[in-house]
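> coords below, sequence missing:
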């Protein structure tokens, strides 16, 4: 019994000495500063929901005025289609409903991307030409890559109909015809 107590006491003294020495070594170490990537770029690859043929990409790049959004899609019917960021990065359901509702952490009313009060995910409409191709490019001052308002890990949804920019909470844009998850892009 005395031997076990003596060994236990020796172990504690050695552990204390080792931890003290380790702590002193860390006081003399300088860690490199953490670099914050100011040039964040994210990408969303869109895939058609069941029964549709839409595909394309949307990139999101931090710029001084906010986030630059560039979208190139194909397989659309000619005309305008609602175009939103939705709350979940989940496109697993055949109809895209697993992506949840519009991304709206501030609890604002639905509106256009140029409105001061709107869902963070409101990107308005994307317009397809006669061949079903669409291109959209604008800078969004409401989007963010940080905190509870971060668009990373959310999804982009393309709708069958035009967003009327006023019907709450969805803009009456109809079924979801494409879905994709927003993720960090490989740095260039």
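Sure thing, it's come through. These numbers were taken from a predicted model, which means no experiment stands behind them.
> Only C-alpha atoms from now on, for both contacts and neighbour counts.
Will do.
> For the spatially most central residue of the chain, give its distance to residue 76.
For the chain, the residue lying nearest the average C-alpha position, counting by Cα atoms, centre = their mean, turns out to be residue 152 (2.0 Å). Relative to residue 76, residue 152 is positioned 25 Å away (criterion: Cα to Cα, to the nearest Å).
> With residue 132 instead?
When residue 132 is compared with residue 76 (using Cα to Cα), they lie 4 Å apart.
> Of those two, give the one with the bigger neighbour count.
Counted by other Cα atoms under 10 Å, residue 132 and residue 76 do not tie: residue 76 has more neighbours, with 26 against 15.
> tell me the SS of the more buried one?
Reduced to three states with DSSP: H, G, I helix; E, B strand; the rest coil, the structure at residue 76 is coil.
> Can you give me the pLDDT of it?
For residue 76, the model assigns a pLDDT of 97.
> who's in contact with it?
Applying Cα atoms under 8 Å, 6 or more residues apart in numbering, one finds that residue 76 lies in contact with 53-54, 128, 132-134.
> just residue 57 next, same as before
For residue 57, the residues meeting the contact criterion (Cα under 8 Å, 6+ apart) are 43-46, 71-73.
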